[in-house]
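Participant: can you look at this prediction? I've put the sequence above it.
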Amino acid sequence: MDLSRKIEFILILACFFISVFLLASNSNGLSGFVISSENRIVAPHDFISEENIKIYPDKIVLEIENYTISKYSNSTSMIPVFDSGANGVGIKPKSEDELHVGDIITFRQNETLIVHRIIEVGMDGEGWFCITKGDSNNFRDEKVRFSEVDSVLVALIY
């Protein structure tokens, strides 16, 4: 990849993140896009530190352990963040302490894998749980237990 292609790639990424930020800043911009009790979008927790992102003249390397790769299909519940065709990189969290409001997780529900954002974390008589919601859904999901969490999304590739 030559320098002009790298610059083009970085500009595209920057435009994407600026677009998401502007949409998140506009309270009227995303109907039904409520992620917290404060009626605002909560960004995912940072999982990959800057020193784990290596940029070379011919490639970019993410140093991630225990990763999974996913291709999302038949999905519209996470628009505008991603929809069908996007690729995701996830990691298996070691404990519930690694999961935060705003993180996007893949979890198992009735033998189906679901990818939604955590909007609430709590404890009850059965222990830790989180409540999730698809960003473009108008409803919240049932409680998700840590044992049902398959991975937490750390990178999206479009």
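Facilitator: Looks like it arrived, so ask away.
Participant: please make it C-alpha for all contacts and neighbour counts, starting now.
Facilitator: Will do.
Participant: which elements pack onto the strand ranked longest in the chain?
Facilitator: Looking across the chain with DSSP state E, the single longest strand is strand 112-124. The contact analysis (3 or more Cα pairs under 8 Å, 6 or more residues apart in numbering; DSSP states H and E) places strand 112-124 against strand 104-109, strand 127-133.
Participant: centroid-nearest residue for this structure?
Facilitator: Centroid-nearest residue in the chain, with Cα atoms, centre = their mean: Ile104, separated by 3.4 Å.
Participant: and the closest residue to Ile69 other than its chain neighbours, what's its pLDDT?
Facilitator: Leaving aside its sequence neighbours, Ile69 sits nearest to Val89 (Cα to Cα, 6 or more residues apart in numbering; 4.8 Å). Note on Val89: pLDDT of 94.
Participant: parallel or antiparallel, which strands does the helix or strand where Val89 lies pair with?
Facilitator: Here Val89 sits within strand 87-91, counting by DSSP states H and E. For strand 87-91, the paired strands and their directions (DSSP bridges) are strand 67-71 (antiparallel), strand 149-157 (antiparallel).
Participant: returning to what we had before: and the residue lying closest to the residue nearest to the centre of the chain once chain neighbours are set aside, what does it touch?
Facilitator: Excluding the flanking residues, the one nearest Ile104 by Cα to Cα, 6+ apart is Arg117, at 4.1 Å. For Arg117, the contacting residues are 35, 101-105, 132-135, by Cα atoms under 8 Å, 6 or more residues apart in numbering.
Participant: do Val121 as well
Facilitator: Counting by Cα under 8 Å, 6+ apart, Val121 has contacts 100-101, 128-131.
Participant: any chance of those in JSON lines with pLDDT and neighbour count as columns?
Facilitator: Listed next are the contacts of Val121 as JSON lines, based on pLDDT from 0 to 100; neighbours: other Cα atoms under 10 Å:
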{"residue": "His100", "pLDDT": "95", "neighbour count": "21"}
{"residue": "Val101", "pLDDT": "95", "neighbour count": "20"}
{"residue": "Trp128", "pLDDT": "96", "neighbour count": "16"}
{"residue": "Phe129", "pLDDT": "96", "neighbour count": "19"}
{"residue": "Cys130", "pLDDT": "96", "neighbour count": "22"}
{"residue": "Ile131", "pLDDT": "96", "neighbour count": "18"}
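Participant: just flag the most distant two among those.
Facilitator: Greatest spatial distance in these: Val101 and Trp128, 13.2 Å, computed using Cα to Cα.
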